[in-house]
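Enquirer: I'll drop the sequence and a predicted model, then ask my questions.
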Amino acid sequence: MTYGGFNWKIGFRWYSAPNRELIRRNNDRSLPLRSPTLSGGLFAIDRQFFEYIGKYDSKMIIWGAENLEFSFRIWMCGGSIEIVTCSRVGHVFRSKTPYTLPGGSDYIVWHNTARLVDVWLDEWKEFFYALHPGARLIRRESIDERIYPESQLPQDYNFLGDIRNMNKEDLCLDTLHTEEGT
C-alpha cells in the first residue's frame, strides 16, 4: 500500500504507507489512507474549502510542484488528504502541449519549486537551498503578498519573555483590568 510524499528536490514520490497509518485503519485496506501529498491535479475537494484556502497559487507558472504546494496548503490550513484506495481515476494525455513553456519546463518546475519553498518551508528552506543552490538563482516574483511588512517589532524594551513566579507555581500575575499605577 503506497501514499504520496516528497524528497528534498521537492519532487513527488510514492512511498510505502507507514505502519502507524495501517494501525490507524485497523489494517482495513478498504478505508481511506491519509497521505502527506497529492500526486497531481486529480482530486476531489469541497468547493468552499478550496476557495477558503485560496484555490491554486496564482504566482505559479502552468504546472510543476503545484501538487506539493497545494498539499502543504491543505494540511497547514486545517484540511487533510486521503487516498480512497478503491477509487479509479483516468487521465488522458495530450499528444501535444497546447501552450508554450516560457523558459522551458525545467525553468518552470524550478520556479514553482522555489516559490513553494519560500512560501511554506520556513526554517527548512535553507536545507533545500543547501542541497540545490542553483534554485536561488531562478527569477521569481516576490512573496510580499503573503507577509505583513507593516508589522511593527517592538524596539524599546528592557526585558522580553514570560513573567514566572518561581516560588508559587499555582499563582499568576494579573492586572485585574485596572489602570496603570493602581
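Expert: Done, it's in.
Enquirer: pLDDT at Cys172, what is it?
Expert: Per-residue confidence (pLDDT) for Cys172: 65.
Enquirer: so which bits of the longest helix anywhere in the chain are buried?
Expert: In the chain, taking DSSP state H as the definition, the longest helix is helix 105-120. By 16 or more other Cβ atoms under 10 Å, the buried positions in helix 105-120 come out as 108-120. (Each C-beta comes from the backbone N, C-alpha and C, glycine too.)
Enquirer: ok, now stretch 83-93?
Expert: Quick answer for stretch 83-93 (16+ other Cβ under 10 Å): 83, 85.
Enquirer: residues touching that stretch, excluding its own?
Expert: 1, 3-4, 29-33, 35, 42 (Cβ atoms under 8 Å, 6 or more residues apart in numbering).
Enquirer: try it again at 10 Å.
Expert: Residues outside stretch 83-93 that contact it (Cβ atoms under 10 Å, 6 or more residues apart in numbering): 1-4, 17, 25, 28-35, 38-44.
Enquirer: which among these end up buried?
Expert: 3-4, 17, 25, 33-35, 38-39, 43.
Enquirer: re the thing from before, mean confidence score for the longest helix of the chain?
Expert: The average pLDDT within helix 105-120 is 89.
Enquirer: what is that helix packed up against?
Expert: Helix 105-120 sits against helix 66-76, helix 125-131, with contacts defined as 3 or more Cβ pairs under 10 Å, 6 or more residues apart in numbering; DSSP states H and E.
Enquirer: measure how that helix sits relative to helix 66-76, angle-wise.
Expert: 10 degrees (axes from the mean of the first three to the mean of the last three Cα atoms, to 10 degrees).
Enquirer: returning to what we had before: turn the helices and strands packed on helix 105-120 into CSV, including mean neighbour count, mean pLDDT and distance to Asn165.
Expert: Compiled in CSV, the helices and strands packed on helix 105-120 are given as follows (neighbours: other Cβ atoms under 10 Å; pLDDT from 0 to 100; distance: least, Cβ to Cβ, whole Å):
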stretch, mean neighbour count, mean pLDDT, distance to Asn165
helix 66-76, 20, 92, 36
helix 125-131, 14, 86, 38
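Enquirer: looking at those helices, which is nearest to Pro98?
Expert: Nearest to Pro98 among those is helix 66-76; the distance by Cβ to Cβ comes to 17.8 Å.
Enquirer: now the element after the closest one, going C-ward?
Expert: strand 82-83 (DSSP states H and E).
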